[in-house]
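>>> A predicted structure for the sequence below; I have some questions about it.
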Amino acid sequence: MKRLLITKTPKVYVGGAFIRSESGRVFAMKDADGNFFANIPQCTRKDLRNAVEAAAKAGPSWAKRTPYNRGQIIYRLAEMIEARSLELAEAITLGSTKKSLVTAARNEVAASVDRLVYYAGWADKLEQVLGNVNPVAAPYFNFTMTEPMGIVGLIASQEASLLGLISLIAPAIVAGNTVVASASELNPYPAVVLGEMLATSDLPGGVVNLLTGFHRELVPTFATHAHLRAVIAEATADERKTLALGAAETVKRIHTFKAEDNINWYSDSFESVYRIQDTLEYKTVWHPIGA
Amino acid sequence: MSAPLAPKALKRLFDKIGTVDAVGIEERVLKYGTRSIKTDSKLWGLRCAVSMVDLTTLEGKDTPGKVASLCQKAIEPHEFSDTPKVAAVCVYPSMVKHARKYLGVSPVKIASVATAFPSGQAPLKTRLAEVRYAVAQGADEVDMVINRGAFLSGEYALVQDEIAAVVQACGKSALKVILEVSELETYDSIRAASCLAMQVIREGDFIKTSTGKTGLNATLGNNQVMLEAIRDHYLATGVAIGMKPAGGIRSAKQSLQFLTAVKETLGDRWLTNKRYRFGASSLLNDLVRQIEKQRTGAYQAPYAFSEAAESY
Amino acid sequence: MPTPKAKKQKNMRSSGRTAPELIFGNLWNFDPAPETADPKVKATYDLFIDGKWTQAKSKKRFDSINPANEKKIAEIALAGPLDVNLAYLAAGRAQKSWARTPGKERAKYLYRIARLLQDRAREFAVAETLDGGKPIKESRDFDIPMAAAHFFYHAGWADKLQYVAAGKTLEPLGVVGQVIPWNFPLLMLAWKLAPALATGNCVVIKPAETTSITALKFAEILQDAGLPPGVVNIVTGAGETGSAVIAHSLAAKVAFTGSTEVGKKIMRSLAGTDKKMTLELGGKAANIIFEDASLDQAVEGIVNGIFFNQGHVCCAGSRLLVQESVAELVISKLRTRIRMLKVGDPMDKNTDIGAINSLSQLTKIKRLVASGIKEGAKLYQPECVLPKQGYYFRPTLFTGVTQSHRVAREEIFGPVLSVLTFRTVDEAIEKANNTVYGLSAGVWTDKGARILKMAAELKAGVVWANTFNKFDPSSPFGGYKESGFGREGGRQGLLDYANLV
């Protein structure tokens, strides 16, 4: 008799723990052949709120780590993913509603690993590229440096379920932000598996918080949650407007990619120090020069 | 600040009296330069400045004759107007008796430098003897120099004890303590030295910036540091110490900026020659010249004024 | 060693004499020193569109009032939506060739503008003071020279845009709509125009309705400089004109400096569009004084921080946080220093605090000060005689303020300082960051390591350590949180006026 497999109950990774939605709701995920695969947590605004709390708790110590250390931790995450790349590629194909080619999924994982390595390397360099000393016309030492904004909301690509997500997470956390990310609702399963890899990396709990669920339910809360200082999103026109309107209430920073543009997440434009800059504030400090 | 203050380390001294931010104080004093002093207020300021001048000659080539003309200028800065007399003449000890003779009953005081001016590099005994000599010769005021070597090597108690000894030697004569700011170099040290001195001198005594014998003398910056030290000392103890910037103040305009600093830091009670002096020589003629300009409305030629150095 | 002074102190106590006090009386009062240069202000101004003076299609005009004496200075055309549209069309026509103009040539226009402004600096300073009420000393020594410096600084960038962002070069956004405030009228215009023009954008700019005159005079400089028509268009008016500037479909980007309230309105109004935005909004800066600071310089910094430009400064150090051990001393020094401030005719060269910019601003300040009194804070104002005509307010110190007082939370935008105390470094940081704003902060301490810690912990776009209210064209300025986003000045300021390609 064929052994019955133990199926995994998908949970999302929030605050360093695996949780189900506070609402108790799930949505069924089917594989490419239309067969039931798993029940995915249908996270709500309350889960988002809790995730923001977790991100807030993790933020100060993450931001205070040395850039070298953050770089190493993100590199370690790349190692974790590389080592389990087959599993993640399978997660992409398994959860995809489209008949994805296995090679395409493997390419996506490979690109995601490379993207992490790319951003890991920026940790202890970005300040040298983005910041500078300003030659003011008075006896002052004046410099501009960057600081993480704080808690950044991410609304990931619907299509590129892994690469789209990693491409938003990596530049945000490398500089010391903590993130709350809403995964692809079309294919949330890679985010679930990614959570398991995050848990075994050295990344402190709460730095990356992943939610699964419906964007239409979560976007309004991403828009208005005052503690989220920035939102980076792949978004439809309606979602962009919702985000912009909500952002106005607390002067939140919004950077969006148009979902309708069919974004190529493999593009070089997603490997740039300016993607990191989107989640940074510039701070300028003055001090007199005198004895 | 009641106990004598002579800690071993400058750090502990600063803990008590606070530090000075160099850039900040220089920005503060720039604002004095932007005060626009016109018409009557200008005339008042110029006359006030004249009354505060310690008309000075401190040269190896000084003679009784030079002192005589200095005294004449001091009593009557301008022969054609009612310009006030200066506060004092300032000379070397050997010239005091000549000054006494020429000044007669005039209220112009005689100040004598002493204590091995300008270096102070003589045994304390010698320095004190010089003070006593100057007082005996008739000096109303004694301008001493502090022991900068001791200060810079951290012997603050020694610096203070020596000043106290000079106070004793002065008797009834007033004392002006020259810090020689250019050798102290930093505003922090100037403030510290001011405080050390003020702890052992008396109401009516002065602290003074410099000898005029080094590269850098009175500036609005070090003047301000010392005025603020005087203010803090006064508010803490009720003892009003006077201030004398010396050297480098040559124009009337500069002197008005110094007076503005006094007005805005110490207030009306220091706008008197009992509490503020200018150690200067060429300043007097520029003040007189500007007073004449105010009186007549016409710009004046420098050589029209007695004792002018300008001949072109 | 008993000192004479120690003895004296004993006597003083036993005789019950009052504490020594400094007298700042009338012994030497400064005579009025009015600036008399001719501001060369015309009686009426039209709109500056497409390089020409253009009558407003709205047919309406409004008065510009001198806040120092409530007298009318000039009549200014009110731009309606049709006028704003014409301005945008002109900018749109000019855009392509301006963007294609080599950086070296664009630079020359900006250099010319800087020079022409320097030539006429005194005239502009007088006009600025006349129109806005700020002391002539400040418009002469700060606003105008700094405005010229901004054009100078940015001129040099125009042909070096490939060095702004590593790995990228900058391309213009297109037409930019800009709305600027009344507190630094010409300087804010320079902050906005210089980077926009250096990066090859064309501009429609609206000055604040109470302070349009120097912007309109600046149009004369643009003409003298031979700037191509349409590159800069100046439309005047109040909120409705501003809304039209913000809303116009040709605007690729809008830049706004003003209140957080209006900034949020702008964000809402632009939701659903692809317009880029930079907002420089309100603030409630903490100015933190540690016990080891050089206190007299700190006091000077506090005074600069809150009384500069009548406190009409978004980055004003309006919350003073003093370490408890020196609070009494600092407040007493502060009171003494405030008594030295001359409040009155802005045109007098000795005036330190001029006129409040408008009646409505004066009313707002009075309302907030009344709330401070009502909530139990202790008020101190020096005795000084205010002019009978015009909008004036005494420099004001509130002590005994807590974090929850309105005067500690709301931006007053006037010469009103709230004093709070703290005990430890952490408490100072918490209190400083306990605000929705994050534009600037000040810290005063003699300890270097503490300065760097504070600089890192304070959530603000500008941190002044052992100084306050310092500005420079090369130094980026802008806020965290609800103080807005984007930077103005420096290398980073250019990024907000360009696409990185």
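On my side now, so go ahead. Numbers count the residues shown, from 1 in each chain, chains lettered A, B, ... in the order given.
>>> Relative to residue B:215, how far out is residue B:245?
According to CB to CB, to the nearest Å, residue B:245 stands 16 Å off from residue B:215. For every residue, glycine as well, the C-beta is placed using N, CA and C.
>>> dump the residue contacts of residue 251.
Since you didn't name a chain, this refers to chain A. By CB atoms under 8 Å, 6 or more residues apart in numbering or on different chains, the contact set of residue A:251 is C:260, C:263-264, C:267, C:279, C:281, C:481-485.
>>> look at chain B instead
Counting by CB under 8 Å, 6+ apart, residue B:251 has contacts B:283, B:286.
>>> Please tell me how far the residue nearest the centre of chain A sits from residue A:36.
Central residue of chain A (CA atoms, centre = their mean): residue A:169, 2.7 Å from the mean position. Taking CB to CB as the measure, residue A:169 falls 29 Å from residue A:36.
>>> Where does residue C:255 fall, secondary structure wise?
Taking DSSP states H and E as the criterion, residue C:255 maps to strand C:251-257.
>>> is that strand anywhere near chain A?
No: no part of strand C:251-257 sits near chain A under the criterion CB under 8 Å from any CB of the partner chain; the closest distance found is 11.4 Å.
>>> now that strand, how far from the centre of its chain.
18 Å (CA atoms, centre = their mean, to the nearest Å).
>>> Can you name the residue of the stretch 51-200 of chain C nearest to chain B?
residue C:137 (5.6 Å; CB to the nearest CB).
>>> packing partners for the helix or strand hosting that residue?
For residue C:137, the host element (DSSP H and E) is helix C:136-138. Packing contacts for helix C:136-138, counted by 3 or more CB pairs under 8 Å, 6 or more residues apart in numbering or on different chains; DSSP states H and E, involve helix C:121-132.
>>> And the average pLDDT for the helix it packs on is what?
Averaged across helix C:121-132, the pLDDT comes to 98.
>>> burial of the residue in the stretch 51-200 of chain B that chain A sits nearest to, as a residue count?
When scored by CB to the nearest CB, the stretch 51-200 of chain B has residue B:186 as its residue closest to chain A, at 5.3 Å. Using other CB atoms under 10 Å in any protein chain shown, residue B:186 has 17 other residues around it.
>>> how far does stretch C:338-348 sit from the chain's center?
Here stretch C:338-348 is found 19 Å from its chain centre; the criterion is CA atoms, centre = their mean.
>>> whoops, stretch C:207-218 was the one
Distance, centroid of stretch C:207-218 to centroid of chain: 15 Å (CA atoms, centre = their mean).
>>> Could you pull out the helices in the chain for me?
You didn't say which chain, so I picked chain A. Listed in chain order, the helices of chain A (DSSP state H) span A:45-64, A:67-83, A:85-95, A:102-122, A:126-130, A:163-174, A:189-200, A:215-224, A:237-250, A:273-277.
>>> my bad, the chain I had in mind was chain B
Shown for chain B, the helices assigned by DSSP H span residues B:10-17, B:22-34, B:39-51, B:64-75, B:93-103, B:124-137, B:148-152, B:156-170, B:181-184, B:187-198, B:220-237, B:252-265, B:282-296.
>>> Could you dump these into CSV with distance to chain C and mean neighbour count added?
Formatted as CSV, the helices of chain B follow (distance: least, CB to the nearest CB, whole Å; neighbours: other CB atoms under 10 Å in any protein chain shown):
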stretch, distance to chain C, mean neighbour count
helix B:10-17, 8, 16
helix B:22-34, 3, 19
helix B:39-51, 5, 20
helix B:64-75, 23, 18
helix B:93-103, 25, 20
helix B:124-137, 16, 18
helix B:148-152, 16, 18
helix B:156-170, 7, 20
helix B:181-184, 17, 23
helix B:187-198, 8, 26
helix B:220-237, 5, 23
helix B:252-265, 5, 23
helix B:282-296, 12, 21
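>>> Mind putting these into CSV with mean pLDDT?
As requested, the helices of chain B are exported to CSV (pLDDT from 0 to 100):
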stretch, mean pLDDT
helix B:10-17, 78
helix B:22-34, 96
helix B:39-51, 97
helix B:64-75, 96
helix B:93-103, 97
helix B:124-137, 98
helix B:148-152, 95
helix B:156-170, 96
helix B:181-184, 96
helix B:187-198, 96
helix B:220-237, 97
helix B:252-265, 98
helix B:282-296, 94
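>>> could I get these as a markdown table with distance to residue C:89?
Converted to a markdown table, the helices of chain B look like this (distance: least, CB to CB, whole Å):
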| stretch | distance to residue C:89 |
| --- | --- |
| helix B:10-17 | 65 |
| helix B:22-34 | 46 |
| helix B:39-51 | 55 |
| helix B:64-75 | 76 |
| helix B:93-103 | 84 |
| helix B:124-137 | 85 |
| helix B:148-152 | 72 |
| helix B:156-170 | 76 |
| helix B:181-184 | 65 |
| helix B:187-198 | 59 |
| helix B:220-237 | 56 |
| helix B:252-265 | 55 |
| helix B:282-296 | 60 |
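>>> Which among those helices is found nearest to residue A:88?
For residue A:88, the closest of the helices of chain B is helix B:22-34, at 57.1 Å, according to CB to CB.
>>> need the residues of the stretch 201-350 of chain C near chain A, please.
Counting by CB under 8 Å from any CB, the residues of the stretch 201-350 of chain C close to chain A are C:260, C:263-265, C:267-268, C:270-272, C:279, C:281.
>>> hmm, 6 Å instead?
C:264, C:267-268, C:271-272 (CB under 6 Å from any CB of the partner chain).
>>> can you pick the most crowded of those?
Among those, the one with the most neighbours (other CB under 10 Å) is residue C:267, at 24 neighbours.
>>> need the next SSE after the strand holding residue C:255, C-terminal direction.
Per DSSP H and E, the helix or strand that comes after strand C:251-257 is helix C:260-270.
>>> picking that back up, of the contacts of residue A:251, which is the nearest to chain A?
Checking the contacts of residue A:251 against chain A by CB to the nearest CB gives residue C:267 as the nearest, at 3.4 Å.
>>> can you list the residues of the stretch 401-501 of chain C near chain A?
C:455, C:461-467, C:470, C:472, C:474-476, C:480, C:482, C:485, C:487, C:490, C:492, C:500.
>>> swap the cut-off to 8 Å and go again
Counting by CB under 8 Å from any CB, the stretch 401-501 of chain C sits next to chain A at C:436, C:451, C:455-456, C:460-467, C:470, C:472, C:474-478, C:480-485, C:487, C:490-492, C:495, C:500.
>>> Also within reach of chain B: list those from those.
Restricting those to those touching chain B (CB under 8 Å from any CB) yields C:466-467.
>>> so where's the chain uncertain?
Went with chain A since none was named. For chain A, the stretches with pLDDT under 70 are A:97-100.
>>> wrong chain, I was asking about chain C
Along chain C, segments meeting pLDDT under 70 span C:1-17.
>>> Need phi/psi at residue C:103.
Taking degrees, to the nearest 10, you get phi -50, psi -40 for the backbone angles of residue C:103.
>>> Now do the contacts for it.
C:158-161, C:200.
>>> change it to 7 Å
Residues near residue C:103 by CB atoms under 7 Å, 6 or more residues apart in numbering or on different chains: C:158-159, C:161.
>>> Return the member of the residues you listed nearest to residue C:196.
residue C:158 (11.0 Å).
>>> Go ahead and confirm that closest one touches residue C:111.
No: counting by CB atoms under 7 Å, residue C:111 is not a contact partner of residue C:158; they are 9.2 Å apart.
>>> Give me the more crowded residue out of those two.
A count of neighbours by other CB under 10 Å puts residue C:158 above the other of residue C:158 and residue C:111, at 25 against 17.
>>> Can you give me the distance of the more buried one to residue C:103?
Computed as CB to CB, the residue C:158 to residue C:103 distance reads 4 Å.
>>> sorry, back to before: can you redo the contacts of residue C:103 as a markdown table with distance to residue C:185 and secondary structure?
As requested, the contacts of residue C:103 are arranged in a markdown table below (distance: CB to CB, whole Å; DSSP: H, G, I helix; E, B strand; the rest coil):
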| residue | distance to residue C:185 | secondary structure |
| --- | --- | --- |
| C:158 | 24 | coil |
| C:159 | 29 | coil |
| C:161 | 28 | helix |
